[in-house]
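Visitor: how would this look folded up:
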Amino acid sequence: MKKKRVWEILEISKEKDQQSKIFDYCISILICLNVIAIILETEKSFFGEYENIFRYFEIVSMIIFTGEYFLRIWSCTSVAEYRNPFIGRIKYFFSPMALIDFIAIVPFYLTFMIADARILRILRFLRVLKVTKHFHHSNTFHIITNTIFNKRSELISSLVLMFSLLLICATGVFFAENATQPDKFSSIPSAMWWAVATLTTVGYGDIFPVTSMGKILGSISAIFGIGLFALPAGLLASGFSEEMQKEKSFCPHCGEKLK
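Guide: Take a look at the predicted model:
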């Protein structure tokens, strides 16, 4: 099979490419089954009974994912963007989707190379990221990514404002509560936990001010938090609406602008 045809099958399927569609469906099902397996592995009573089945399934899955990954590395030079046999493959390796594929499979092999690799088991959850490679079949995901990109300046500004408020609240409550609760508000960084919990929710309950000034600052922080943390949501909502309107102005089949 020609290199270009392998690339076409592995990439997003075109309208009449049945082989590529079958591959997409099969790999998507395998990814979903892996996600389900990861979830079931945390249920000790269930996992213990079928441990060998889970292990064999993981090995087979990793062989398939590894084969797919190396086929992509081999066939990527068939497209103009990665034409150079060496530089092109390096460029593809560092592309977002290729990195997700790499991160998804490498923890499996690291567990064989390191004697005590129990801590690396948690990295296997990154296999779930492989699901994201199929999100670009969805036009909605494309709209969401465009929304975040187009609103990046406003989002960064709101994040800076939120961090500034967090710092002000943490500093204020530190000076108000340090003398009364030196164990809980021992420093400004430790007070930041309280500030985050107060600004994002109504407080976690493990740390709270007891002085009058501290309570006043806590009340102000909670009120400002409700309004300020709604800013990113409002920006994304308006941006999403704008992107939806743009999508409606183009033909979904040919991509031409509608009159």
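
Visitor: where in this protein is pLDDT low?
Guide: Within the chain, the set of residues satisfying pLDDT under 70 comprises 1, 13, 113-139, 141, 202-205, 247-259.

Visitor: mind listing what the closest residue to residue 185 other than its chain neighbours touches?
Guide: In space, not counting the residues next to it along the chain, residue 185 is nearest to residue 177; the distance is 4.2 Å by Cβ to Cβ, 6 or more residues apart in numbering. (Each C-beta comes from the backbone N, C-alpha and C, glycine too.) Residue 177 makes contact with 184, 185, 191, 209, 210, 211, 214, according to Cβ atoms under 8 Å, 6 or more residues apart in numbering.

Visitor: so where do the helices sit in this protein?
Guide: Counting by DSSP state H, the chain has these helices, from start to end: 3-10, 18-41, 44-49, 51-75, 87-93, 96-113, 139-150, 152-177, 188-200, 212-228, 231-248.

Visitor: quick one: buried residues of the longest one?
Guide: Of the residues in helix 152-177, those with enough neighbours to count as buried (16 or more other Cβ atoms under 10 Å) are 154-155, 158, 162, 165-166, 169-170, 172-174, 176-177.

Visitor: most packed of the helices of the chain?
Guide: With neighbours defined as mean count of other Cβ atoms under 10 Å, these peak in mean count at helix 188-200, which reaches a mean of 19.

Visitor: same for that helix, what does it pack against?
Guide: Judged by 3 or more Cβ pairs under 8 Å, 6 or more residues apart in numbering; DSSP states H and E, helix 188-200 is in contact with helix 152-177, helix 212-228.

Visitor: in JSON lines: the contacts of residue 177, plus distance to residue 198.
Guide: Shown next, in JSON lines, are those (distance: Cβ to Cβ, whole Å):
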{"residue": "184", "distance to residue 198": "13"}
{"residue": "185", "distance to residue 198": "13"}
{"residue": "191", "distance to residue 198": "10"}
{"residue": "209", "distance to residue 198": "9"}
{"residue": "210", "distance to residue 198": "14"}
{"residue": "211", "distance to residue 198": "15"}
{"residue": "214", "distance to residue 198": "11"}
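
Visitor: and for residue 4, nearest residue in space, chain neighbours not counted?
Guide: Nearest to residue 4 is residue 78, by Cβ to Cβ, 6+ apart, at 3.9 Å.

Visitor: number of nearby residues for the one you found?
Guide: Around residue 78 sit 16 other residues, with neighbours defined as other Cβ atoms under 10 Å.

Visitor: and what of the one 5 residues further on?
Guide: Counted by other Cβ under 10 Å, the residues lying close to residue 83 total 12.

Visitor: separation between the nearest residue to it once chain neighbours are set aside and residue 140?
Guide: In space, residue 83 comes closest to residue 77 once its chain neighbours are excluded; the distance is 6.0 Å by Cβ to Cβ, 6+ apart. When Cβ to Cβ, to the nearest Å is the yardstick, residue 77 and residue 140 sit 32 Å from each other.

Visitor: for residue 186, same thing?
Guide: Plainly put, residue 186 is 46 Å away from residue 140 if you go by Cβ to Cβ.

Visitor: what's the answer for residue 34, then?
Guide: If you measure residue 34 against residue 140 using Cβ to Cβ, the figure is 23 Å.

Visitor: also residue 83?
Guide: Using Cβ to Cβ, we find residue 83 at a distance of 32 Å from residue 140.

Visitor: same deal with residue 38?
Guide: Here the distance between residue 38 and residue 140 works out to 25 Å (Cβ to Cβ).
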